[in-house]
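J.: The following block contains a protein sequence and its predicted model.
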Amino acid sequence: MLHNKKTLAALFAAASMMSANAFSGELVINTDTSDPAPKAAFEALIAGFEAENPDVSVTWNLFDHEGYKTSIRNFLTADAPDLANWYAGNRMLPYVNAGLFEPVDDVWAANGLNDSLASAAASMTIDGKKWGVPYTYYNWGVYYRQDIFEANNIEVPTDWAGLMAAGETLKAAGVTPITIGTKYLWTAGGVFDYLNLRTNGYDFHMALTKGEVSWTDDRVRATMANWKELIDADFFLADHAAYSWQEALAPMIQGKAAMYVMGNFAVAPLRDAGLTDDQLGFFQFPVIDASIPVAEEAPTDTMHIPANAKNKVDAKRFLAYLARADVQTEINATLGQLPINSGSSVSDDKFLQAGYEMLSNTDGGIAQFFDRDAPAEMASAGMEGFQEFMVKPDRLDAILERLEKTRKRVYK
Amino acid sequence: MRDYWRANQQRLAPVLFLLPGLLMFLVYVVVPIFQSVSISFYAWDGLGEKEYVGIANYVELMDDEAFYTSLKNNVIWLVLYMLAIPAGLFVALFLNQNVRGIRIYKSLFFFPFVISQVVVGLVFSWFYDPSYGLFNKILEFFGADPIAILADEDWVTYGIIIAGLWPQTAYCMILYLTGLNAVDSEQIEAARLDNAKGLKLLWYIILPQLRPATFIAMVVTIIGALRSFDLVSIMTNGGPWGSSRVLAFYMYEQAFSEYGFRMGYGAAIAVVLFAIMMIYIASFLYKMYRDERGH
């Protein structure tokens, strides 16, 4: 802790030396954290930073979540803030390649982040440099209605046969086994990720998203065959292409559907809708092939300094603050997600504890998410294909050939 | 100087008045057209360096299923959107009467055009919603199975067009209502004396006088159909699996959306869309020019 304070003091001194400049003390932050929990977390984060650094006043621009994804391109080039949040992995690649993000290796070195944030270091590194500071991640898995499972005497499935049996029992009871809303496509990407990780393992999944394997490969077909089993058995919510992921929560809340393959952020709206912790449960996505080490999906959210930022000195102080163990503990307790810093503690929330334990015991590798592991064009074509496959599984060959064509063009 | 101004005032004044408008038109319309055409010959992610690829973007476009889907949908839009014109005429004729409070009825019929397209899109998405939407409640009432219009690749485009026709009909209606104000009542009286009535009166006496209104209604409807974007974006986001895309939306998706980093390809789509619009608009302008000369 003392070490941290010293470096902060050093940074502070460096900052005050430059404070003759007019811009000093003003920090502009752009984020898309507009949902209630993330918004509260950032309010607390910024207030905490300002309390510790009274010489800095923060201007915070809050963007709508979907709109942010397109506006970030404009503000990074034209009117850059001093800090912006984004995602790790391939999602930040276009901005790194275009020289729009500032490398922050010095922040990592000065604050011992190479140790404390080691778990996320790989996903923050491109061309040997670190391009931001990760502050949160969350597990994916299956969220389910514990009470409905108990009422129908269903065991929590740990393998494929168990999942199929659970689904059949639920169907017999008039409950849709799995709810999903694929209108915005990415939810289907989550299901594909898990099926592929369980069927072929982490290394194959990564090779596929990096474009090293053909989409018409037999191993991809094996994944799709497993998916088709779920589709043919009518496990998924009908008309899912008409719903967003939030709209697909409704059947689960009403007890008309029992499972949802989702990230931990789904817990907050489910609780807000009145589900108690006795009704709502979580389990790890069932194992399909026991010979394959179990891999998980855990996307990381990050903060970056744009290359065109005006006040990089204070921005780096903010990143150092954001990376601190106690700060990450606090912000993630509000977010309902997991801290990256190994010195942080996870809040004693049931789902966070379950997710944390699951990820700590994952030895098969941790993927980001389909649209963060694959480049943008491949991701959009892929997820569109998954949605089509979920409604028209007979078109598998045409879909895979289309994806293969996209792959050949995207990865040159 | 002063003498020159005095001598040429008549000639210079219109030029001076036109200048600001022409300048705007040049900077915001003409120059971007040429810029788009030039970008369409590059591979560019909008952030880094441009790379010249010749006509590669167009070659790829010719072999792109999604492009043909969008083109087909654009044609469907173009044809079905024309229904707004007779529908607008019908409503205008219906409202063109003097009863108490007619102004309120007129403004109510005009209302859908005033509200934002985003709102229209949302209202219709709820209308079509497979679980609680009014449309499926009606189907249910008649014993039919529910159809998820916006998640069905065969229905989705028609569903969106119907949503689009609602405000477009109101637009055509207002054009015809103003046109009807200008209809010469003496001609109608004369026709009445010659025992013309009903459809014949409409066809031979009223419609010819509404030609300017019809012309404008045609132009705005064609342009409206070709630039249909907001409803697609709001109601389906191009889905399911891209089957409700139109060219304008596909261009946006390729160039500016969440996963779109292909400015060159987007520009190529824009150029094609522009060419289609030019064919229509040029033929209309030519027809108008011919009609004017005929007088």
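T.: That came through, no problem.
J.: Please count neighbours and contacts with C-alpha atoms only from this point.
T.: Fine.
J.: which residues of chain B score low on pLDDT?
T.: B:294-295 (pLDDT under 70).
J.: And the strands in it?
T.: Along chain B, the segments classed as strands by DSSP state E run B:42-43, B:51-52.
J.: does the last one come close to chain A?
T.: Think strand B:51-52. No: Strand B:51-52 is not in contact with chain A by Cα under 8 Å from any Cα of the partner chain; minimum separation 13.8 Å.
J.: Counting neighbours, what do you get for whichever residue of the stretch 1-150 of chain B sits closest to chain A?
T.: Residue of the stretch 1-150 of chain B nearest chain A, by Cα to the nearest Cα: residue B:48 (4.8 Å). Look at residue B:48: counted by other Cα atoms under 10 Å in any protein chain shown, it has 13 neighbours.
J.: Show me what counts as buried in the longest helix anywhere in chain B.
T.: Longest helix in chain B, counting residues (DSSP state H): helix B:263-294. Within helix B:263-294, the residues scored as buried using 16 or more other Cα atoms under 10 Å in any protein chain shown are B:263-273, B:277.
J.: same check, this time on stretch A:66-80
T.: A:68-69, A:72-73, A:75-77, A:80.
J.: List the contacts of it.
T.: A:31-32, A:81, A:100, A:306-310, B:47, B:256-258 (Cα atoms under 8 Å, 6 or more residues apart in numbering or on different chains).
J.: give me that answer again for 6 Å
T.: A:32, A:308-309, B:257-258 (Cα atoms under 6 Å, 6 or more residues apart in numbering or on different chains).
J.: quick revisit: name the nearest of the buried residues of stretch A:66-80 relative to residue A:213.
T.: residue A:69 (28.4 Å; Cα to Cα).
J.: which element is that closest one on?
T.: helix A:65-77 (DSSP states H and E).
J.: how about the residues of chain A near chain B?
T.: A:69-70, A:98, A:241-242, A:376-377, A:384, A:388 (Cα under 6 Å from any Cα of the partner chain).
J.: Pick out the residue in the stretch 51-200 of chain A sitting closest to chain B.
T.: Counting by Cα to the nearest Cα, the stretch 51-200 of chain A gets nearest chain B through residue A:98, at 4.8 Å.
J.: That residue is in contact with residue B:48, isn't it?
T.: Yes: look at residue A:98 against residue B:48 with Cα atoms under 6 Å: they come within range, at 4.8 Å.
J.: does the residue lying closest to residue A:33 once chain neighbours are set aside sit in a helix or strand, and which one?
T.: Leaving aside its chain neighbours, residue A:33 sits nearest to residue A:39 (5.3 Å; criterion: Cα to Cα, 6 or more residues apart in numbering or on different chains). If you go by DSSP H and E, residue A:39 is part of helix A:36-52.
J.: now residue A:411, nearest residue through space, not along the chain?
T.: residue A:211 is the one closest to residue A:411 (Cα to Cα, 6+ apart), at 6.2 Å.
J.: Just confirm that neighbour is within a strand.
T.: No: counting by DSSP: H, G, I helix; E, B strand; the rest coil, residue A:211 is not found in a strand; it is coil.
J.: Break down the stretch 101-250 of chain A into its strands, ranges please.
T.: A:125-126, A:129-130, A:133-137, A:140-145, A:176-179 (DSSP state E, counting those that start in this stretch).
J.: So, low pLDDT: which residues of the stretch 201-350 of chain A?
T.: For the stretch 201-350 of chain A (pLDDT under 70), the answer is none.
J.: The residue of the stretch 51-200 of chain A closest to chain B: what's it in contact with?
T.: Per Cα under 6 Å, 6+ apart, neighbours of residue A:98: B:47-48.
J.: picking that back up, burial check on the residue nearest to residue A:411, number of neighbours?
T.: 20.
J.: Please report the distance of the spatially most central residue of chain B from residue B:271.
T.: Taking Cα atoms, centre = their mean, the centroid of chain B lies closest to residue B:224, which sits 0.5 Å from it. Separation of residue B:224 from residue B:271 (Cα to Cα, to the nearest Å): 17 Å.
J.: And residue A:26, by the same measure?
T.: 44 Å.
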